[in-house]
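# From the sequence below, what's the structure:
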Amino acid sequence: MSCKRTLLFLFLCGFAALSVSVKCTSELLEGTSCTIDLSSKNIDKSKEVKWVHLSSELVIHRRNGKIRADSLSGTKIEDNGSLTFQSVSLKNTGKYKYSFYDTKGTETSGEEEIKVFAKAPKPTVRIDCKDGLKLICDAGNRTDLSVSWYKEAKSMNIGELSLKSDQVEANKPYSCRVSNTVSNEESNSVTPSCKDAGTGAPGEALFPSTLFGFDFWIMVSILAGGGALLLLLICVLIICACRSCREKTKQEQDEDELRLRVLQDQNGAARSKHTARGQPAPPIPLEDPCSQTPAQSQAQPKAQTRGRPPPPPEDDEDNPPPLPRPRNKQHRKRHEEPYRLME
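Numbering: from 1, shown residues only. Here you go, the predicted model:
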C-alpha cells in the first residue's frame, strides 16, 4: 500500500513539474519554451491584454476573453495575461511591449526584451602548412561565437580563430572550443604535423570535409569515374574516325586502280587496230570480160589517180606484220596491165 502511494506521489510531482512553464530570461537557446510574466497578477480574463513585438510590429490581442488579433505566431496569452512561447526562434529576438487593465480599470504598460541564440556547432581543427605550421578553428560562418584554444587539455588563453606557426608545437595535441552565452562545443584533439612545413607541403587535414555539400572523398570518386568514362568515350570516337579515314583512303585507291586498268585496256585495243592497218588490201573482185567496153581505156586515168598505199608499218620484233600472198597468173591474164605502184 505504501509503495502505491509513493508511486502516485512521484507521478503527481512529475506532472506538476511539467505543467509549470519556464520563465523567459534575457538570453535563450533556440527551441526553448518559456513565458514572459507580467508585473501584476491581478488581471481579470475579461479585461483587455495586448502584446506587440516592436521589431516586427506583430500583435497578439485579447479582449473580453476572445483573441482579436493573432499575427504573432507560436505564442499564446495565458489567463493571467502572460505571453507564452511554444518554441522560440531567432526571429523572436527583440523587445515586447504589453498593455493591460487591472481589476480597478487602471491601464498598465511595460516592455520585456529577450535574445535568442542558436546552438553552437561542433568545430573542427584544420592544419595549414602553406606558410609554416598553422591551426585554424573552423566553426562555419558564425559570427556570434567566441573561440578558445587548448593544448594538452590546458587553456592557452588565445581567443583567435587561428594559431600561428610560432604558437604551435609539432606532435602535441590541440583542440578549440566555440561558445556563446547559452551553449558551447569543443572539437576533437588534433596532433599537427607537416611533411615539409618550410616549403608549404600540405598536411592530411588540408582537404575539406565536404565538396558541393557531400562527402569529399565520395565526390572525388564520382568525379574520377566520370572523367574516366569521358576519356574512354573520346578514345572510342578517335578510333572510329581513324577507321573511317582508312576505309575512305582504301576506297579511293581501289577507284584509282580500276580507272587505270580501264585506260590500259583502251590503249591495248587502240594498239591492235594500229597493227591491223599494215595488212595487204583485199583482192580485187573478178569482172566479166564480155562486159568490158571501149570506155575501159578511159578508166585507166582513174586508176592512176588512186592514192598511195599506206606506208609499211614499223618493224616489231615481237609482232611482225603478215607477209603478202602472191597473186595467181590467171588473175593477171584477165587484166591488160599488171598493178603498178604510183611513183
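# so where do the helices sit in this protein?
For the chain, the helices defined by DSSP state H cover 2-19, 216-276, 296-304, 329-333.
# per-residue confidence averaged over the shortest one?
Read it as helix 329-333. Mean pLDDT, helix 329-333: 51.
# for the third one, same thing?
When pLDDT is averaged over helix 296-304, the result is 44.
# likewise the first one?
For helix 2-19, mean pLDDT is 47.
# Residues in a beta bridge with D138, which ones?
Under DSSP bridges, the beta-bridge partners of D138 are T124.
# What about it, how many residues nearby?
Using other Cβ atoms under 10 Å, D138 has 17 other residues around it. For the C-beta atoms, the positions are set from N, CA and C on the backbone; glycine is no exception.
# The one 10 residues further on too?
Neighbours of S148 under the rule other Cβ under 10 Å: 18.
# if you skip the residues just before and after it, what's nearest to it?
Counting by Cβ to Cβ, 6 or more residues apart in numbering, S148 lies nearest to R177, which is 4.9 Å off, once chain neighbours are set aside.
# List every C-alpha atom in stretch 240-255, with coordinates, as CSV.
Taking Å, rounded to 0.1, in the frame of the first residue of the first chain, the C-alpha atoms of stretch 240-255 are listed here in CSV:
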residue,chain,number,x,y,z
CYS,A,240,36.2,5.3,-85.2
ALA,A,241,37.4,8.4,-87.0
CYS,A,242,40.7,6.8,-87.9
ARG,A,243,39.0,3.7,-89.2
SER,A,244,36.6,5.8,-91.3
CYS,A,245,39.6,7.7,-92.8
ARG,A,246,41.4,4.5,-93.6
GLU,A,247,38.4,2.9,-95.3
LYS,A,248,37.9,6.1,-97.4
THR,A,249,41.5,6.1,-98.5
LYS,A,250,41.4,2.5,-99.4
GLN,A,251,38.2,3.1,-101.5
GLU,A,252,39.9,5.9,-103.3
GLN,A,253,42.9,3.7,-104.1
ASP,A,254,40.6,1.0,-105.4
GLU,A,255,38.8,3.5,-107.7
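# Tell me how this structure divides into domains.
Domain assignment for the chain, taken from automatic domain parsing, gives 19-117, 124-215.
# tell me which residues in stretch 59-69 are buried?
60-62 (16 or more other Cβ atoms under 10 Å).
# Just the ones in strands from those, please.
60-62 (DSSP state E).
# you'd agree E30 is up against I114?
No. Using Cβ atoms under 8 Å, E30 is not in contact with I114, being 11.6 Å away.
# tell me, what's touching the two both at once?
V88 (Cβ atoms under 8 Å, 6 or more residues apart in numbering).
# Which residue of the two possesses the greater neighbour count?
I114 (19 against 16).
# show me the contacts for the more buried one.
24-28, 36, 88, 92-94, 96.
# repeat that for 6 Å
Residues in contact with I114, defined by Cβ atoms under 6 Å, 6 or more residues apart in numbering, are 24, 28.
# Just grab the bridge partners of it for me.
G94.
# what about it, distance to L258?
97 Å (Cβ to Cβ, to the nearest Å).
# and the domains of the chain as CSV, adding distance to L232?
Listed next are the domains of the chain as CSV, based on distance: least, Cβ to Cβ, whole Å:
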stretch, distance to L232
domain 19-117, 50
domain 124-215, 24
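# Mean pLDDT lowest where, among these?
Lowest mean pLDDT within those: domain 124-215, a mean of 80.
# now do the same end-to-end measure for that domain.
Distance across domain 124-215, first residue to last, is 15 Å (Cα to Cα, to the nearest Å).
# what's the answer for stretch 160-180, then?
Start-to-end, stretch 160-180 (Cα to Cα) is 15 Å.
# Okay, buried residues for that stretch please.
Quick answer for stretch 160-180 (16+ other Cβ under 10 Å): 161-163, 167-168, 174-178, 180.
# same deal with stretch 219-237?
Buried-residue list, stretch 219-237, by 16+ other Cβ under 10 Å: empty.
# Next, find the distance separating L237 from A224.
21 Å.
# my bad, G94
Using Cβ to Cβ, G94 is found at 50 Å from A224.
# what's the answer for S73, then?
Computed as Cβ to Cβ, the S73 to A224 distance reads 48 Å.
# got it, and V88?
On the measure of Cβ to Cβ, V88 and A224 end up 46 Å apart.
# what's the answer for F117, then?
42 Å.
# repeat for C245
32 Å.
# Which parts of the stretch 51-200 of the chain are strands?
58-63, 66-70, 75-77, 83-85, 94-101, 107-117, 124-128, 134-138, 146-151, 154-155, 162-163, 174-179, 184-186 (DSSP state E, counting those that start in this stretch).
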